[in-house]
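**Q** Structure of the sequence below:
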Amino acid sequence: MALCMVTYDSGGSAAPDIPAPGFLARTIFNTSHKVIGLRYLWLALGSVLIGMFLSLLMRVHLVWPGVQIPSLSGFGGTPERYAALTMLHGSLMVFLVLTTAPQAGFGNYFLPLQIGAREMAFRVMNLFSFWATVVSLAGMTAAFFVRPDAGITLWTASVALFCLAALLTALNFTVTTLDLRAKGMTLPRMPLTVWAWFINAILSLLIFSILLAACVFLLSDRLLASQFFSPLTFLSQQPASLAQSTLLSLWQRLFWFFAQAEVYVAMLPCFGIVSHLLSTFSREPVWAERAAVLALCGVGLFGFFVWGQHMFSSGLNPWSPLVFSLLASSLGLPACVLLLSWFGTLWDAKIQLNTSMLFALGFVSLFLAGGVSGIFLARNDLAAASVSDDFVTGHFHLVMGVAATFAILAALFFWFPKMFGRRLNEPLGKLHFWLTFAGVYCVFMPMHWLGLAAHLRPASSGPTAIDTLGTSLASTVGQSFDGSLRTLVTVATILTVAAQGLFLSNFVWSLWRGEKTEERNPWRATTLEWTVPSPAPIGNFGASEPMVYRGAYEFGAQGVPEDFAAQNVAPAPSEPPLRTKQPASAGAKEN
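**A** Here you go, the predicted structure:
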């Protein structure tokens, strides 16, 4: 199969896709972007269910280490098995959920629809990327069931395959966005979701190539007896202890060059989705839209340069912590611009509090709460002392894990009618939101307190009896406090995981028995995907190519019958310019 690029002439004379006959062509070899996008979402759904189960096992064993789970007792209770459990949980959640769902899942399905294209640029390459991701998932899971030495080799090979698939997907997204936009779809008219997918694809091209090279070098050392990370050739004239620590630092640099930016690979699509939903359900244009686009670019740029933030404890030269601390703190600037844009959009708006909007608002809350702790971790002294403890775990999960999951759920409730022609149950969705929202705060906020409490040590100037008594009392109270908080975290984790059964029931029921959506645009949205029937047909827009006349968020437009104007609606000759929200300084300058 050759990697071919789909091109259409500007006149729209290309015929829509015709599905090839045969079972294999309709299933395994189906290159439709909508089919591949849905399969990525199914893959992410299965991975998140397994990942949540693994997190529940870890929390149970932290609080009740002697508990025996009958179906899992055969795996053993050694530290290596627990480390494998942690690695599998992190691999599934980071690679197969947070990276796959918002970018490869929703992006594959809706990027061509939102820019007026019929397909992705490279259809066969898109199909190859999906099946490579499936094989990588199978390899990561199988690595848990084999011996540790063989398991780490299998895991490394699976991660390398995932990186290759992610690289090809990022290339596909970049070319599609640049070359296949419909007439009139200029860069300023692109929705923020498209901007986020596009910037994220560029960032993915830069970082997944580094991790792919590092994994190939490591596999070569393990299987082909090469010397990329061997002390025999690297620093061969130095003492063994120095060579070993330097080699570890070399691998850490290659890994964190990817891993720190991976946080923003997971978050960038979520920023675009949340901005899109806040505008749609506030019935207001995005406040300072161009500043929000620049902020998305800033997040990708700054996130690419702060890989050394997580290497403060490895021993860097004296100037590196200062540089990386400043760069990590600078991430607060584009984040604040995004927050101001979201709050400005919500200001004095007609907010519709459906389930999708609730999850979008929950994302804003979690991102703000977790981002505050990120400011403290930008300091090299606290980050070095807090590495791998509960403070970092709570911060990481609030920002990257839970906040991104809220954005994914918001997008699913929003686009479910377009993908399946039915609607998710709103009362059940709202109950699921409130239980999950309260649960994740009860899980991860106490982790911040546990992390801070772990660094508190009673100071003593001399070995007096009073000092000894005070130290003993403080230790007893601290252990009791830690035990109570850890029990609270575990109970909250159990209840939060159990609450996801509401979502699973809602999802399965709505697929088969949910309320059908007769109209194309139930949310009265403005972007192009809502101008086609639901579910979207083969070829998306038929024989004629859509024409774009407006921006992506023209709410409150005058001269149109409703409070919004779709992007493909031509303006009337007498229609006045759109009234948009803008900063007060810009308005004063115009006045």
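
**Q** Can you pull out the low-pLDDT segments for this structure?
**A** Along the chain, segments meeting pLDDT under 70 span 1-21, 66-78, 230-248, 312-318, 380-388, 454-481, 557-560, 573-591.

**Q** so where do the strands sit in it?
**A** 422-423, 515-516 (DSSP state E).

**Q** What is the last one packed up against?
**A** In terms of contact count using 3 or more C-beta pairs under 8 Å, 6 or more residues apart in numbering; DSSP states H and E, strand 515-516 is assigned the packing partners strand 422-423. To be clear about C-beta, it is placed using only N, CA and C from the backbone, and glycine gets the same treatment.

**Q** Touching the strand it packs on from outside, list them.
**A** With contacts defined as C-beta atoms under 8 Å, 6 or more residues apart in numbering, strand 422-423 is touched by 416, 417, 510, 511, 514, 515, 516, 517, 522.

**Q** Give me the buried subset of those.
**A** Buried members of these, scored by 16 or more other C-beta atoms under 10 Å, are 416, 417, 510, 514, 517.

**Q** The last one reaches residue 417, doesn't it?
**A** Yes: assessed by C-beta atoms under 8 Å, residue 517 is found in contact with residue 417 at 4.3 Å.

**Q** list residues touching both of those two?
**A** In contact with both residue 517 and residue 417: 423, 534, using C-beta under 8 Å, 6+ apart.

**Q** Tell me which two of the contacts of strand 422-423 sit farthest apart.
**A** Using C-beta to C-beta, the contacts of strand 422-423 span at most 17.0 Å, a distance reached by 511 and 522.

**Q** List the buried residues in stretch 127-135.
**A** Buried-residue list, stretch 127-135, by 16+ other C-beta under 10 Å: 127, 128, 129, 130, 132, 133.

**Q** Distance from the chain centre to that stretch, please.
**A** Taking C-alpha atoms, centre = their mean, to the nearest Å, one finds the center of stretch 127-135 at 19 Å from the center of the full chain.

**Q** Show residues contacting stretch 180-188.
**A** Contact with stretch 180-188 is made by 6-8, 10, 112, 115-117, 119, 121, 190, 290, 528, 545-549, 551, 567, as judged by C-beta under 8 Å, 6+ apart.

**Q** tell me which residues of it are tucked away?
**A** Neighbour counts over stretch 180-188 (16+ other C-beta under 10 Å) mark 180, 181, 182, 185 as buried.

**Q** Just list the residues touching the nearest residue to the third one once chain neighbours are set aside, thanks.
**A** So the one you mean is residue 182. Closest residue to residue 182 apart from its sequence neighbours, by C-beta to C-beta, 6 or more residues apart in numbering: residue 116 at 2.5 Å. For residue 116, the contacting residues are 181, 182, 183, 185, 528, 541, 545, 546, 548, by C-beta under 8 Å, 6+ apart.

**Q** so how far is residue 90 from the closest residue to residue 212 other than its chain neighbours?
**A** With sequence-adjacent residues excluded and distances taken as C-beta to C-beta, 6+ apart, residue 212 is closest to residue 163, at 3.8 Å. Separation of residue 163 from residue 90 (C-beta to C-beta, to the nearest Å): 16 Å.

**Q** OK, contacts around the residue lying closest to residue 198 once chain neighbours are set aside?
**A** Of all residues not flanking residue 198 in the chain, residue 177 sits nearest, at 4.4 Å (C-beta to C-beta, 6+ apart). Contacts for residue 177 (C-beta under 8 Å, 6+ apart) come out as 111, 115, 190, 194, 197, 198, 201.

**Q** Pull the contacting residues for the fourth one.
**A** With contact taken as C-beta under 8 Å, 6+ apart, residue 194 is in contact with 111, 114, 115, 177, 272.

**Q** ok, so what distance separates it from residue 111?
**A** Residue 194 is 6 Å from residue 111, by C-beta to C-beta.

**Q** Same question for residue 185.
**A** Distance check for residue 185 against residue 111: by C-beta to C-beta, it reads 12 Å.

**Q** from what I can see the residue nearest to residue 212 touches residue 214, true?
**A** No: the pair residue 163 / residue 214 is not scored as a contact, 9.2 Å apart, by C-beta under 8 Å.

**Q** For the buried residues of stretch 127-135, work out which two are farthest apart.
**A** Within the buried residues of stretch 127-135, two members stand farthest from each other by C-beta to C-beta: 127 and 133, at 10.9 Å.

**Q** which one is residue 436 nearest to, not counting chain neighbours?
**A** Nearest to residue 436 is residue 499, by C-beta to C-beta, 6+ apart, at 5.5 Å.

**Q** list the contacts for the one you found?
**A** 432, 435, 436, 439.

**Q** By neighbours, which of the residues you listed wins?
**A** For the contacts of residue 499, the largest number of neighbours (other C-beta atoms under 10 Å) sits with residue 432, at 26 neighbours.

**Q** Was I right to think it contacts residue 504?
**A** No: counting by C-beta under 8 Å, residue 504 is not a contact partner of residue 432; they are 9.5 Å apart.

**Q** Same list (the strands of the chain) but as JSON lines, adding distance to residue 218.
**A** As requested, those are exported to JSON lines (distance: least, C-beta to C-beta, whole Å):
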{"stretch": "strand 422-423", "distance to residue 218": "46"}
{"stretch": "strand 515-516", "distance to residue 218": "51"}
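
**Q** wait, which of those strands is closest to residue 157?
**A** strand 422-423 (40.0 Å).

**Q** Quickly run through the sheet partners of that closest one, with directions.
**A** strand 515-516 (antiparallel) (DSSP bridges).

**Q** Mind listing residues that contact the strand it pairs with?
**A** Against strand 515-516 from outside (C-beta under 8 Å, 6+ apart): 421, 422, 423, 425.

**Q** Pull out the buried members of those residues.
**A** Here, 16+ other C-beta under 10 Å leaves 422, 423, 425 buried among the contacts of strand 515-516.

**Q** Tell me how far the residue nearest the centre of the chain lies from residue 396.
**A** What sits nearest the mean C-alpha location of the chain, by C-alpha atoms, centre = their mean, is residue 266, with 2.6 Å. Per C-beta to C-beta, residue 266 is found 11 Å from residue 396.

**Q** Please apply the same query to residue 125.
**A** As defined by C-beta to C-beta, residue 125 lies at a distance of 32 Å from residue 396.

**Q** Same question for residue 308.
**A** On the measure of C-beta to C-beta, residue 308 and residue 396 end up 17 Å apart.

**Q** The two: who's more crowded?
**A** A count of neighbours by other C-beta under 10 Å puts residue 308 above the other of residue 308 and residue 396, at 22 against 19.

**Q** With adjacent residues omitted, what lies nearest to residue 128?
**A** Of all residues not flanking residue 128 in the chain, residue 168 sits nearest, at 6.8 Å (C-beta to C-beta, 6+ apart).

**Q** Cool, thanks, signing off.
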